[in-house]
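Chemist: Here is my input; please provide its structure:
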Amino acid sequence: MDDMHEQVRRRYALAAVQGGDEGCCSAGVCAPDSIVVDEKFGAGLYSAADAVSIPAEALAASLGCGNPLAVAELRGGERVLDLGSGGGIDVLLSARRVGHDGFAYGVDMTDEMLDLARANATKAGATNVEFLKGTIEDLPLGDAEVDVVISNCVVNLSTDKTAVLAEAFRVLVPGGRVGISDVVAEDHLTAEQRAERGSYVGCIAGALSRSEYLDGLALAGFADAEVTFTHEVADGMHGAVVRARKPF
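Modeler: Reported below is the predicted structural model:
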């Protein structure tokens, strides 16, 4: 598991310095020397209005499989945490949506991505953001510090998803919510079949099934959980929106 963690870190460090070309990719096109990002991942999943409102470098480094801001339905004054914030696109867009009375945190384990995100925040003139170094399995925030947890195609990269969901629950205030974009498998696919469809660092092999995701959210303590498929990224594998609420 530590080896896989390091593989993910190296892949996303490279993405930070190569403008996004080494991140989540289409299934079957993940050879180390030939990464091809297609329309199922990355910047194309954001609206034109969002795309023009942030630095080009943040958009270029987008490696996700959806738009978690739309999933989370952010409101003014809220405190938001982005798990695996990468080049900062979702943090910067969150900061705009929650306004000066709100705040947006990003957590990432990769120094190169943190450097890129902080540079992008400076270019955007964002003052209500902070990027923190840490892992999504052990978040560098206290209990009940945020209203919303978002993430864009990162939970599937973790080798301890139980810890990720437990940490998301911990840092949320009572009544807080998660709005996650992720790759999710159909329930009939085994772990071996998921691995046949793409690599772990390519956001495919490590994906949970829909039932596994719902069970994991329930185990962490969440209520009103739902997983909705949005678009297919490989046979039986889908970009999906994941929503749940921490009870009061």
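
Chemist: Centre-most residue in the protein?
Modeler: With distances taken as CA atoms, centre = their mean, the residue of the chain nearest its centroid is residue 152 (2.4 Å).

Chemist: Hmm, residue 68 and that residue touching each other?
Modeler: Yes: with contact defined as CB atoms under 8 Å, residue 152 and residue 68 form a contacting pair (5.0 Å). All C-beta spots, glycine's among them, are computed from the backbone N, C-alpha and C.

Chemist: What helices and strands are in contact with the host helix or strand of residue 239?
Modeler: Secondary structure from DSSP states H and E places residue 239 in strand 237-245. Strand 237-245 makes packing contacts with helix 68-72, strand 172-185, helix 210-220, strand 223-234 when contacts are defined by 3 or more CB pairs under 8 Å, 6 or more residues apart in numbering; DSSP states H and E.

Chemist: Make a markdown table from those and add distance to residue 125 to it.
Modeler: Below are these laid out as a markdown table (distance: least, CB to CB, whole Å):
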| stretch | distance to residue 125 |
| --- | --- |
| helix 68-72 | 19 |
| strand 172-185 | 25 |
| helix 210-220 | 36 |
| strand 223-234 | 32 |
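
Chemist: Let's have the ones you listed in a markdown table, adding mean neighbour count, distance to residue 147 and mean pLDDT.
Modeler: Below are these laid out as a markdown table (neighbours: other CB atoms under 10 Å; distance: least, CB to CB, whole Å; pLDDT from 0 to 100):
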| stretch | mean neighbour count | distance to residue 147 | mean pLDDT |
| --- | --- | --- | --- |
| helix 68-72 | 24 | 10 | 79 |
| strand 172-185 | 23 | 5 | 96 |
| helix 210-220 | 18 | 17 | 98 |
| strand 223-234 | 16 | 16 | 94 |
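
Chemist: before we move on, back to that, shared neighbours, residue 152 and residue 68?
Modeler: Residues touching both residue 152 and residue 68 (CB atoms under 8 Å, 6 or more residues apart in numbering) are 82, 90, 180-181.

Chemist: pLDDT wise, what is residue 200 at?
Modeler: Note for residue 200: predicted pLDDT of 74.

Chemist: any chance you could read off phi and psi for the residue nearest to it when sequence neighbours are not counted?
Modeler: Nearest residue to residue 200 in three dimensions, chain neighbours excluded: residue 206, at 4.8 Å (CB to CB, 6 or more residues apart in numbering). In terms of degrees, to the nearest 10, the main-chain angles of residue 206 are phi -90, psi 10.
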